[in-house]
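Undergrad: A predicted structure for the sequence below; I have some questions about it.
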Amino acid sequence: MTNNSILRLAIQRKGRLSEDSLNLIKESGIKFSSGTGKLKSKSRNFPIEFLFLRDDDIPDYVADGVADLGIVGENVALEKGKNIDIVKKLGFSKCRLSLAIPKEAEYLGLQYFQEASIATSYPKILQDFLDKNGIFADIHEISGSVEIAPSIGLASGVCDIVSSGSTLLSNGLKEVETILNSEAIIIGNQQMSDEKKSILDKLLFRIESVQKGKNNKYILLNAPTEKLDEIIELLPGMRSPTVLPLADKKWNSIHSVINEDEFWEVIEKLRNAGAEGILVVPIEKMIL
Ligand code: ATP
Ligand code: MG
């Protein structure tokens, strides 16, 4: 029996998910020591314990209840994950799982892979994709350095993780199909106790306020009084913008919050409407 009043979160020990996972926890105000080589660490100010593991092992540990939660790529969750819940998408470690073939080969469509051999570390996701598309291929499972398979005559194509595509290119390959778009996610055990679920709710609340903060900017600007209404129209604000008079009656200071996605567009409209002295400040946490 694991202790019910503490959550166990499995994080990748060393790799592409580690740093962003640890940062997310730290930004959520959860303090713990993560010295190198440590396999376990308990927070000093939140009922959570961390297990540092290889990412491939995390889905099984979560399914078995050795850990209640884990942070992994969707690619790993789909490939290895059985009996786990997807709790939350985290928006970092974005990459895709793609099919690639030798650069010089002609590609006219998925039929290229009919009866072909494909090297991959993701046999399950690949098999599902091929089945859905009516392609019969020989899947060659290898655990690493998949991209060299065609050049050593092991396979005529590969199915592997891509982010910029430079690894494929330097191995003489070109990307031809995307099978899955992936990002880091929190996965969870399906039989968590109510006590653990309520700690999870608190954790998610913190993570969401950090994420909202990152997706928004605090903006301060000066607006001429005669343009005030027009400028306020352009600013959503959390309820509505704050307007403060300046000592000079012809000017006002306006404070508001803008979403990252519409940021540059709004700034341009504000300038055109006569706003001056625009300051943009990052938001650490945002609670609505
Ligand atoms: P481990 O030793 O823990 O098994 P690994 O070598 O399997 O690590 P990493 O290369 O650290 O795994 O990648 C971890 C996850 O990060 C991948 O499963 C994927 O979701 C994501 N990822 C992989 N490559 C990239 C990339 N180039 N950019 C962004 N995210 C990536
Ligand atoms: Mg791994």
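TA: Arrived safely. Ligands and ions are numbered 1, 2, ... in the order given.
Undergrad: against ligand 1, how distant is Leu90?
TA: Distance, Leu90 to ligand 1, using CB to the nearest ligand atom, to the nearest Å: 11 Å. C-beta coordinates here come from the backbone N, C-alpha and C atoms, glycine included.
Undergrad: please renumber so the chain begins at 45
TA: Shifting the count to begin at 45 puts that one at Leu134.
Undergrad: just the pLDDT for that residue.
TA: If you check Leu134, the pLDDT there is 97.
Undergrad: contacts only, for it.
TA: Residues in contact with Leu134 (CB atoms under 8 Å, 6 or more residues apart in numbering) are 64, 68, 115, 227-230, 251.
Undergrad: closest to Trp308 out of the residues you listed?
TA: Nearest to Trp308 out of the contacts of Leu134 is Glu227 (CB to CB; 23.4 Å).
Undergrad: and for that closest one, the neighbour number?
TA: Per other CB atoms under 10 Å, the neighbour tally for Glu227 reads 15.
Undergrad: got the contact list for the closest residue to ligand 1 within the stretch 95-244 of the chain?
TA: In the stretch 95-244 of the chain, the residue that lies nearest ligand 1 is Gly117 (2.0 Å; CB to the nearest ligand atom). When contacts are counted by CB under 8 Å, 6+ apart, Gly117 is found next to 61, 99, 137, 139, 226-229.
Undergrad: ok, and the most crowded of the contacts of Leu134?
TA: Counting neighbours by other CB under 10 Å, Ile115 leads the contacts of Leu134 with 28 neighbours.
Undergrad: for it, phi and psi?
TA: The phi/psi pair for Ile115 (degrees, to the nearest 10) reads phi -110, psi 120.
Undergrad: any idea how far the closest residue to it other than its chain neighbours lies from Tyr156?
TA: With sequence-adjacent residues excluded and distances taken as CB to CB, 6 or more residues apart in numbering, Ile115 is closest to Ser65, at 4.6 Å. Going from Ser65 to Tyr156 by CB to CB, to the nearest Å gives 37 Å.
Undergrad: ok, those two, which is more surrounded?
TA: Between Ser65 and Tyr156, counted using other CB under 10 Å, the more crowded position is Ser65 (25 against 18).
Undergrad: show me what contacts the more buried one?
TA: Contact partners of Ser65, counting by CB under 8 Å, 6+ apart, are 55-56, 115, 228.
Undergrad: identify the farthest-apart pair in these.
TA: Maximum distance among the contacts of Ser65 (CB to CB): 10.3 Å, for Ile55 and Ala228.
Undergrad: need the contact list for the closest residue in space to Pro146 that isn't next to it in sequence.
TA: Sequence neighbours aside, Pro194 is the residue nearest to Pro146 in space, at 5.3 Å (criterion: CB to CB, 6+ apart). With contact set as CB under 8 Å, 6+ apart, Pro194 has these partners: 145-146, 163, 200-202, 215-217.
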